[in-house]
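Q: Here is my input, please return the structure:
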Amino acid sequence: MSPIDLYTWKTSNGKKATIMMEECELEYKIHPIDISTDIQFSEDFVKVNPNSKIPAIVDPDGPNGRPFTVIESGAILMYLAEKTGLFLPAEMQRKYEVIQWVMFQMGGIGPIFGQVHHFKRAAKEKVPYAINRYFKECRRLYGVLDSRLEGREYIANDEVSIADFCTVPWVFRHDWQEIDLDEFRNVKRWYDNMMQRPALTRGMNLPD
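A: Next up is the predicted model:
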């Protein structure tokens, strides 16, 4: 089996893909896409992902044995889970327990936490309305996640899944969000447990 080509960078979305590669013990080659240099808009990368976003993968051993490109971090995790038979149950109800929490991360946690990062850290102009709006929603989402994790070890089912892998890199930046995890004891317990996984921590530290 040929290595999968992974185009990624050191962002929360990028770390999802490296976590999954490491957890699945897949052979892969990282192509660093330093988004601070606008290389994601280069002609070569646009051929991989017309949307100029990381991560993206090219699987040389895709369906029917042909190369296959997957863009969007959530789709990459679902694709690799189906390819390997890992971290996404086959049984329909359990499968959609996972998928709905992946969508929660993709549609809620990612965009909102990302806006908090931008307006609190990167924006040239501090806009109190935007900071307050996104921070309030960020805290609400932490509350939803905390309630979900009451009495649970993992987000979706009774075993670790791609729902956990896609959420960890965003909670990792709780300091950027100015969130005290001690206020969300279930999230903190889950997060501390997840960060003990050797493959996950390897993925969190890539690319070098």
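
Q: Give me the distance between Asp5 and Lys47.
A: 12 Å (CB to CB, to the nearest Å). The C-beta positions use only the backbone N, C-alpha and C, and glycine is treated the same way.

Q: Neighbour count: those two, which is higher?
A: It is Asp5, of Asp5 and Lys47, that has more neighbours when counted by other CB atoms under 10 Å, with 17 against 9.

Q: Quick one: name whatever helix or strand follows the helix or strand where the more buried one lies.
A: Assigned by DSSP states H and E, Asp5 falls within strand 4-8. Next along the chain after strand 4-8, taking DSSP H and E as the criterion, comes helix 12-23.

Q: Show me what that following helix is packed up against.
A: Applying 3 or more CB pairs under 8 Å, 6 or more residues apart in numbering; DSSP states H and E, one finds that helix 12-23 makes contact with strand 4-8, helix 73-84, helix 110-117, helix 162-171, helix 198-204.

Q: Most tightly packed of those?
A: Mean neighbours per residue, mean count of other CB atoms under 10 Å, is largest over the helices and strands packed on helix 12-23 for helix 162-171, with a mean of 26.

Q: can you give me the offset of that one from its chain's centre?
A: With CA atoms, centre = their mean, to the nearest Å as the basis, helix 162-171 stands 5 Å off its chain's centre.

Q: which ones are touching Pro55?
A: 6-9, 13-14, 16-17, 73, 76 (CB atoms under 8 Å, 6 or more residues apart in numbering).

Q: for Met194, same thing?
A: Met194 makes contact with 160, 164, 168, 200, according to CB under 8 Å, 6+ apart.

Q: nearest to Arg139, of those residues?
A: Val168 (18.5 Å; CB to CB).

Q: Hmm, Asn193 and that closest one touching each other?
A: No: Val168 is beyond contact range of Asn193, at 10.2 Å (criterion: CB atoms under 8 Å).

Q: one step back: what mean pLDDT does the strand holding Asp5 have?
A: The average pLDDT for strand 4-8 rounds to 98.

Q: C-alpha coordinates for that strand, PDB please?
A: Only the C-alpha atoms of strand 4-8 are listed here, as PDB (Å, rounded to 0.1, in the frame of the first residue of the first chain):
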ATOM      1  CA  ILE A   4      -1.300   8.700   1.600                       C
ATOM      2  CA  ASP A   5      -0.300  12.300   0.700                       C
ATOM      3  CA  LEU A   6      -1.500  14.600   3.400                       C
ATOM      4  CA  TYR A   7      -1.500  18.400   2.800                       C
ATOM      5  CA  THR A   8      -1.800  20.100   6.200                       C
END
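
Q: Which other helices and strands does that strand contact?
A: If contacts are counted by 3+ CB pairs under 8 Å, 6+ apart, strand 4-8 sits against helix 12-23, strand 28-32, strand 56-59.

Q: closest to Trp176 out of these?
A: helix 12-23 (9.6 Å).

Q: Give me the angle between the closest one and strand 28-32.
A: For helix 12-23 against strand 28-32, the angle by axes from the mean of the first three to the mean of the last three CA atoms, to 10 degrees is 160 degrees.
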